[in-house]
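Peer 1: Predicted coordinates and the sequence they were generated for:
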Amino acid sequence: MVWKLVFQSMLMLLMFQLAAAAPPIVKPGCRDRCGDISIPYPFGIGNNCYMNESFSIECNKTGAFISAINMEVLNISAERAAATVKGPIISSNCTGRENGVPLNLSGTPFVFSYFYNVFNPKLEATDDNQDREGCKMAFLVNETWFESNISDPFTVQRRDYVPAELGWMMDGDIDDRSVSCIRYQNESLRSECVCRGGYEGIPYRELGCKGKHIYIFLQKNE
């Protein structure tokens, strides 16, 4: 009987802890979606709904865009501290497509994520319509997507964009074993951070990264 009471008490405590550890993903009174895309804080739609102007989202009939860099958003994960965007493909000597314009993220908190992207410096595909030099493309792309699609180079050649992951940098250092950060040498005291394996949450928020596993020990009194 005693062990049942212990279990019930621990279960209620666990439920309260989980409820308290789940912060709202948007500021009160702000929209949380643009079409099918969830817009969590630090991003936001409308005045006073985002952390600062860099995280302002323009939502229109065609999609959601990060206003500061005019990039279309495919997904935003506050837990991974990453936004999936339509990344540019820089090409040369490719029939039927423009060369592409590199994206400049200078002056913004955004970086192409070290944790989730791979850089392809040259993907070359040739066919009867190309000259001997072939079609060359360079891009940063989501690592999982790249591994699933690289077996057919023409898959990329036929696309207008590739899914790329943007991280955002935080000021100062974080001394927390639950958080993994990469310091960017060209940015003074700014780092891209994510929760380490075994932890979840949002590294730049007050509650930070919390352990995923909660153990309940039961003791039966004879």
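Peer 2: That came through fine. Numbering: from 1, shown residues only.
Peer 1: going forward, measure contacts between C-alpha atoms and count neighbours the same way
Peer 2: Fine.
Peer 1: Read off the pLDDT value for the closest residue to residue 69 other than its chain neighbours.
Peer 2: The spatially closest residue to residue 69, leaving aside those adjacent along the chain, is residue 105, at 7.1 Å (Cα to Cα, 6 or more residues apart in numbering). Listed pLDDT for residue 105 reads 85.
Peer 1: Would you quantify the distance from residue 105 to residue 149?
Peer 2: Note on residue 105: its distance to residue 149, by Cα to Cα, to the nearest Å, is 26 Å.
Peer 1: Can you pull out the low-pLDDT segments for the protein?
Peer 2: Under the criterion pLDDT under 70, the flagged ranges of the chain are 1-24, 99-102, 120-133, 150, 152-154, 170-180, 182-192, 201-208, 211-222.
Peer 1: And the helices in it?
Peer 2: Assigned by DSSP state H, the chain shows helices spanning 2-20, 143-149, 153-157.
Peer 1: Output stretch 32-50 in PDB with nothing but the alpha carbons.
Peer 2: Extracted C-alpha coordinates of stretch 32-50, given in PDB (Å, rounded to 0.1, in the frame of the first residue of the first chain):
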ATOM      1  CA  ASP A  32       2.400  31.000 -33.600                       C
ATOM      2  CA  ARG A  33       2.000  29.900 -37.200                       C
ATOM      3  CA  CYS A  34       2.400  31.100 -40.700                       C
ATOM      4  CA  GLY A  35       0.400  28.700 -42.800                       C
ATOM      5  CA  ASP A  36       1.700  25.200 -42.000                       C
ATOM      6  CA  ILE A  37       5.000  26.600 -40.400                       C
ATOM      7  CA  SER A  38       5.300  26.900 -36.700                       C
ATOM      8  CA  ILE A  39       7.000  30.200 -35.600                       C
ATOM      9  CA  PRO A  40       8.500  29.800 -32.200                       C
ATOM     10  CA  TYR A  41      10.300  32.500 -30.200                       C
ATOM     11  CA  PRO A  42      12.900  34.100 -30.700                       C
ATOM     12  CA  PHE A  43      11.200  34.500 -34.100                       C
ATOM     13  CA  GLY A  44       7.800  36.200 -34.300                       C
ATOM     14  CA  ILE A  45       5.200  37.800 -36.500                       C
ATOM     15  CA  GLY A  46       4.400  41.400 -35.800                       C
ATOM     16  CA  ASN A  47       5.700  44.100 -33.400                       C
ATOM     17  CA  ASN A  48       6.900  43.000 -30.000                       C
ATOM     18  CA  CYS A  49       6.600  39.300 -30.900                       C
ATOM     19  CA  TYR A  50      10.300  38.600 -31.700                       C
END
